[in-house]
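*Asks:* The following block contains a protein sequence and its predicted model.
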Amino acid sequence: MAIIGAPIVRDAAFARNEESMRALLAGLTAKGDRVREGGGAEAIARHRKRNKLTARERVERLVDPGSPILEIGLFTAYGMYQEFGGAPSAGTVVVVGRIEGRETVIVANDATVKAGAWFPITCKKNLRAQEIAMANRLPLVYLVDSAGVFLPLQSELFPDKEHFGRIFRNNAVISSMGIPQIAAIMGPCVAGGAYLPIMSDETLIVEGTGSVFLAGSHLVKAAIGEEIDNETLGGAAVHSEVSGVTDIRVKNDEECLTVIRSLIAKLGPRPAAPFDRREPVPPRYDPAELHGIIPFDRTKPFDTYQMLARILDGSEMDEYKAGYGKTLITGYGRIAGWAVGVVANQRSVVRTAKGEMQVGGVIYSDSADKAARFIMNCNQKRIPLVFFQDVTGFMVGSRAEHGGIIKDGAKMVNVVANSVVPKFTFITGNSYGAGNYAMCGKAYDPRLIMAWPSAQIAVMGGKQASETLLSIRLGAAERSGEQMPDGERETLLREIQQRYEAELDPLFAAARLWIDDIIDPTTTRSVIDRGISLAAHNPEIPPFNPGVIQV
């Protein structure tokens, strides 16, 4: 394999980039620490008075000591539902962690946040957890402690395909796939939410705090006039000795977690997917230099080979069609020892064999054609794909249209959609328009999708979008016979830009689960390592069939 990259000149521009990236990371760390506080100190104190561990304490005690935890959706609901006091992390903690050495998806309701009530985005987060478990054939553990649906928003999470009922449907499908599901009722489990633990393979219930029923005592009295307390209605004793709804009765949270570990320890071994792996080799160049490579000014070009050289093992890559379609880099390499196929947008301005200049970050017909062929090769060879997005979209204009950019773009989107090997996506910079789709955005089922703090996700860039929106406003005003003074135009443009820029922030994307997390660029190698390790738990790789492709 050829060595890529070169030593970096630590000049003033590098220092500015590094300072900017570290400031962004420090800000994210501070925000993340606040999110991990859940409902706050008072809510946590009330929770502990009930002899209950917090959701994060439960997870920490459940996983193997010192083992790595991959959290999904830490910033879910960030800045959302402010009219209701917010919902840190959507009131649910989702992690992939090792229990008795077995990789497991853990979903824990955070009862310090609105008593663990489900917001619309909470439903989406739970579905993402189940999706990860199904894709990678990982056991699921549910730590249930929830008051049920957040009623003021019930219409946004009740009846539709991707709403609350989909979770129970997935319970059934996951069971049919032979994936173990264990549920622990560690607090209230109410109404429709009662189906989640009972549709699991085994259900534990904690004495004194756990309860499960389709309707609580107040609703029972209102519906049929019966007066009864919740413990007598659906507590641990009732469901362990009378109804037979639950399988194992435990005295407290600690015993509950110990029993879950014991159950997971007895799971039988599963075959693994045959992804190629060799002894890992560190990059030739320091991954910490990624902080200074990514430009603070996103309009500035930079050489993506320099970025890849700090991620790939030995900074080596067998490049595919190196001299063709240069605004996309494609090649075979290794990350943490795993064989991977890399597809990365080249942010430098490049020159074609005909001497034509192509703008970096834009996908042209030749680069789309190259990438489609390369992705098909990776599927043929059973090599996982890693996408590094920094894309402003497909090329536009008469020359591109006459050259068939839509046809070539469709070809690339087709093979990404139909890929059967595991895909992993990292948004390092821009992620605009159809470029997001072609480079394996969330809609194209990446096993994991992460963003660097430098990421932006939108239909188009802020400047173009703001000017387009302003033109629409001005056109409407002119049609109604109004004239807007220049000063008002500038004020309106600033307002539009500020609103649009806020939506470009990666936190906006993380809040809505367009991405799984925002990570330090230096952890990219370890995330890929963990991701492929998880993917290897699923040995079932169906035949690759891209269907009809225009050529």
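*Replies:* It's in.
*Asks:* and whatever helix or strand T258 lives in, what does it pack onto?
*Replies:* Here T258 sits within helix 253-265, counting by DSSP states H and E. Applying 3 or more CB pairs under 8 Å, 6 or more residues apart in numbering; DSSP states H and E, one finds that helix 253-265 contacts helix 55-62, strand 92-99, strand 102-109, strand 181-190, strand 202-206, strand 248-250. Bear in mind the C-beta positions are built from the backbone N, C-alpha and C, glycine included.
*Asks:* Mind checking the ones you listed for the one nearest to N430?
*Replies:* strand 92-99 (27.7 Å; CB to CB).
*Asks:* between that closest one and strand 181-190, how many degrees?
*Replies:* On the basis of axes from the mean of the first three to the mean of the last three CA atoms, to 10 degrees, strand 92-99 is oriented at 150 degrees to strand 181-190.
*Asks:* I'd like the distance between the closest residue to G403 other than its chain neighbours and I335.
*Replies:* Setting aside the residues directly before and after it, G403 is nearest to S365 in space (CB to CB, 6 or more residues apart in numbering), at 5.1 Å. Distance of S365 to I335, computed by CB to CB, to the nearest Å: 29 Å.
*Asks:* Same drill for those two, tell me which one is more crowded.
*Replies:* I335 (25 against 21; other CB atoms under 10 Å).
*Asks:* which stretch of helix or strand covers the residue lying closest to that one once chain neighbours are set aside?
*Replies:* For I335, ignoring the flanking residues on the chain, the nearest one in space by CB to CB, 6+ apart is I528 at 4.8 Å. Element membership for I528 (DSSP H and E) is helix 524-535.
*Asks:* that older thread, distance check, the residue nearest to G403 against G441.
*Replies:* Counting by CB to CB - S365 and G441 are separated by 20 Å.
*Asks:* Count the neighbours of the residue nearest to I335 for me.
*Replies:* 21.
*Asks:* residues touching it, list them.
*Replies:* Applying CB atoms under 8 Å, 6 or more residues apart in numbering, we find I528 in contact with I335, A336, W338, V340, V386, F424.
*Asks:* Could you measure from it over to A133?
*Replies:* For I528 relative to A133 (CB to CB), the value is 19 Å.
*Asks:* just I174 next, same as before
*Replies:* 7 Å.
*Asks:* Between the two, which contacts overlap?
*Replies:* L140.
*Asks:* neighbour count winner among the two?
*Replies:* When I174 and A133 are compared for neighbours, A133 comes out ahead with 26 against 22, by other CB under 10 Å.
*Asks:* Deepest-packed of the helices and strands packed on helix 253-265, please.
*Replies:* Highest mean neighbour count among these (mean count of other CB atoms under 10 Å): strand 181-190, with a mean of 27.
*Asks:* Partner strands of it and their direction?
*Replies:* In the sheet, strand 181-190 lines up against strand 140-146 (parallel), strand 202-206 (parallel), strand 211-213 (parallel) (DSSP bridges).
*Asks:* Ok, which of these comes nearest V113?
*Replies:* Using CB to CB, the nearest of the strands paired with strand 181-190 to V113 is strand 140-146, at 9.9 Å.
*Asks:* For the closest residue to F84 other than its chain neighbours, what are phi and psi?
*Replies:* Excluding its sequence neighbours, the residue lying closest to F84 (CB to CB, 6+ apart) is P152, at 6.8 Å. Taking degrees, to the nearest 10, you get phi -60, psi -20 for the backbone angles of P152.
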